[in-house]
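Undergrad: Structure here, sequence nowhere to be found:
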């Protein structure tokens, strides 16, 4: 298996990484959002390559992120799935892809997002309740609060994931 | 779905068969009440009413219903005087009531509170209103009233007017109406108080077509005129409330000018100034009948949830 290149058989835009993670098939223009979700700022010291708006057979145009020496947690991959539902996560060791996973948008999302409705019971302070959203559509992304029925669209989800709220 | 042990949270959870069974049981309760021979089906049971938000009719009709059936009632009607005022969580309060009672009726200003209560409690939970979201037992009562007045819900023309945005009774009535086949469902409201998109989409996706009409046109076509109060307490900004306050008013004169003969006015009550007292002594008035039917309807509900279909 090959690492995402951003060249699709033509010239490589970014060289292969030795060990780390390649997140491929990110919707065009979303690579920086993915990095924000992963909490990667560039100050961690490892090498990061961001390739944006390159040709893709499957998606026509896509973004790719390569992270040298970095392996995401499952929880982070789930968050990435919300903004890049078709992404593939390739784990690379010694230049070879040893694991390739399509991200999957879960049916239910617990605890990651906050209901935007200030009078939702999941927002009431002092209650041992975790936010819970049902995914009613993954593309375009639409979530519904299990408790109050308020719907969240892609923009609100990105703003929460990137803003860290 | 069997009624016994069931939570009553969301009006969409009830099929037509469920509701017909409820209405038939409510008819039995009415007969028993008028004959003065109500069976003490819930003797020895305890019903808890946990009203974190003010209520008159819902709470008192549940309490009257429970007592008519021989149950004892515990509970509170305001947070003051309970440990909630000391900072106890909603969840802890529900856990306590779960240990003390066989069924909990809960009302709260937060949307989803009843759903959370049902997750925490082992006893069945009945939603007595959660924020601007659901009020399933009011919708059951509204439809039972319509069935009692007209013999059926199907084939009738409904006009819902007033605060369609914040009134949970409207959202719940529309959702429950999707189990029936009304001839038409018309909506009339000031622009700021139009039905929320999510409710409209939900109801229309379940096959109910909603038509927005001017008030006079709606009145001239409706069999059931459902009036709601402007929900002042749910406005995020009181200045916005002041802008719409008094923006509609159903009066005897208006009804006599436009409404069909035989049309009936329902209102979940309390009313403020949107429905004038001069309608009270007209043929249109059905809101006091509606309020009275709250007791047999809730007796039916309690007896089915606590006793089952054969109780």
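TA: Now that the structure is in, tell me what you want to look at. What you are looking at is a predicted structure, and each value in this text was computed from that prediction instead of being measured. Numbers count the residues shown, from 1 in each chain, chains lettered A, B, ... in the order given.
Undergrad: Could you use CA atoms for every contact and neighbour count after this?
TA: OK.
Undergrad: ok, the residue nearest to the spatial centre of chain A - contacts?
TA: Closest residue to the average C-alpha location of chain A: residue A:80 at 1.5 Å, with CA atoms, centre = their mean. With contacts defined as CA atoms under 8 Å, 6 or more residues apart in numbering or on different chains, residue A:80 is in contact with A:34, A:37-38, A:103.
Undergrad: you'd agree it is in a helix?
TA: Yes: note on residue A:80: a helix contains this position according to DSSP: H, G, I helix; E, B strand; the rest coil.
Undergrad: Give me every residue in the stretch 51-200 of chain B that's in contact range of chain A.
TA: Taking CA under 8 Å from any CA of the partner chain as the test, the list of the stretch 51-200 of chain B residues beside chain A reads B:89-91, B:109-113, B:115-116, B:131, B:133, B:198.
Undergrad: on that earlier part again, how near is the residue nearest to the centre of chain A to residue B:280?
TA: Applying CA to CA, to the nearest Å, the value for residue A:80 to residue B:280 is 60 Å.
Undergrad: cool, residue A:161 as well?
TA: Remark: distance between residue A:161 and residue B:280 (CA to CA) = 55 Å.
Undergrad: ok, now residue A:22?
TA: Taking CA to CA, one finds residue A:22 at 72 Å from residue B:280.
Undergrad: and what of residue B:195?
TA: As defined by CA to CA, residue B:195 lies at a distance of 27 Å from residue B:280.
Undergrad: Neighbour count for the two, which is higher?
TA: Comparing residue B:195 with residue B:280 by neighbour count (other CA atoms under 10 Å in any protein chain shown), the higher total belongs to residue B:195, at 21 against 16.
Undergrad: where does residue B:264 fall, phi/psi-wise?
TA: Here the main-chain torsion angles of residue B:264 (degrees, to the nearest 10) amount to phi -130, psi 140.
Undergrad: got a list of what the closest residue to chain B within chain A touches?
TA: When you check chain A against chain B by CA to the nearest CA, the closest residue turns out to be residue A:147, at 4.2 Å. Contacts were defined as CA under 8 Å, 6+ apart; by that measure residue A:147 touches A:120-122, A:132, B:111-113, B:115-116.
Undergrad: any chance of those in a markdown table, with distance to residue B:297, secondary structure and neighbour count too?
TA: Shown next, in a markdown table, are the contacts of residue A:147 (distance: CA to CA, whole Å; DSSP: H, G, I helix; E, B strand; the rest coil; neighbours: other CA atoms under 10 Å in any protein chain shown):
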| residue | distance to residue B:297 | secondary structure | neighbour count |
| --- | --- | --- | --- |
| A:120 | 29 | strand | 25 |
| A:121 | 28 | helix | 27 |
| A:122 | 31 | helix | 27 |
| A:132 | 33 | strand | 20 |
| B:111 | 24 | strand | 26 |
| B:112 | 24 | coil | 28 |
| B:113 | 23 | helix | 28 |
| B:115 | 22 | helix | 22 |
| B:116 | 25 | helix | 20 |
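Undergrad: tell me the domain boundaries of chain A?
TA: Described in terms of automatic domain parsing, the domain architecture of chain A consists of the residue ranges A:20-102, A:108-163.
Undergrad: Switch those over to CSV; also include mean pLDDT.
TA: Putting the domains of chain A into CSV (pLDDT from 0 to 100) gives the following:
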stretch, mean pLDDT
domain A:20-102, 94
domain A:108-163, 93
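Undergrad: which stretch among these comes nearest residue B:56?
TA: Ranking those by their distance to residue B:56 (criterion: CA to CA) puts domain A:108-163 first, at 22.4 Å.
Undergrad: now the strands for the stretch 1-150 of chain B?
TA: Assigned strands in the stretch 1-150 of chain B, in chain order: B:46-51, B:72-76, B:103-108, B:125-130 (criterion: DSSP state E, counting those that start in this stretch).
Undergrad: How about the residues of the stretch 201-311 of chain B by chain A?
TA: When proximity is defined as CA under 8 Å from any CA, the stretch 201-311 of chain B does not approach chain A at any residue.
Undergrad: now the strands for the stretch 201-311 of chain B?
TA: Read by DSSP E, counting those that start in this stretch, the stretch 201-311 of chain B holds these strands, from start to end of the chain: B:210-212, B:224-227, B:264-266.
Undergrad: where's the residue in the stretch 101-250 of chain B that chain A sits nearest to relative to residue A:156, distance?
TA: Distances between the stretch 101-250 of chain B and chain A by CA to the nearest CA are smallest at residue B:112, namely 4.2 Å. Residue B:112 is 21 Å from residue A:156, where distance means CA to CA.
Undergrad: Then residue B:194?
TA: Using CA to CA, one gets 23 Å for the distance from residue B:194 to residue A:156.
Undergrad: tell me the contacts of the nearest residue to residue B:94 once chain neighbours are set aside?
TA: Closest residue to residue B:94 in three dimensions, ignoring its sequence neighbours and counting by CA to CA, 6 or more residues apart in numbering or on different chains: residue B:117, at 6.2 Å. With contact taken as CA under 8 Å, 6+ apart, residue B:117 is in contact with B:91, B:94, B:125.
Undergrad: Same question for residue B:16.
TA: Each residue near residue B:16 by CA under 8 Å, 6+ apart is listed here: B:179-180.
Undergrad: if you go through chain A in chain order, where are the strands?
TA: Using DSSP state E, the strands assigned to chain A run over residues A:20-27, A:48-56, A:60-68, A:88-93, A:96-102, A:108-110, A:132-138, A:141-145, A:151-153.
Undergrad: Just the angle for the first one relative to strand A:88-93, thanks.
TA: Strand A:20-27 and strand A:88-93 are oriented at 160 degrees to each other (axes from the mean of the first three to the mean of the last three CA atoms, to 10 degrees).
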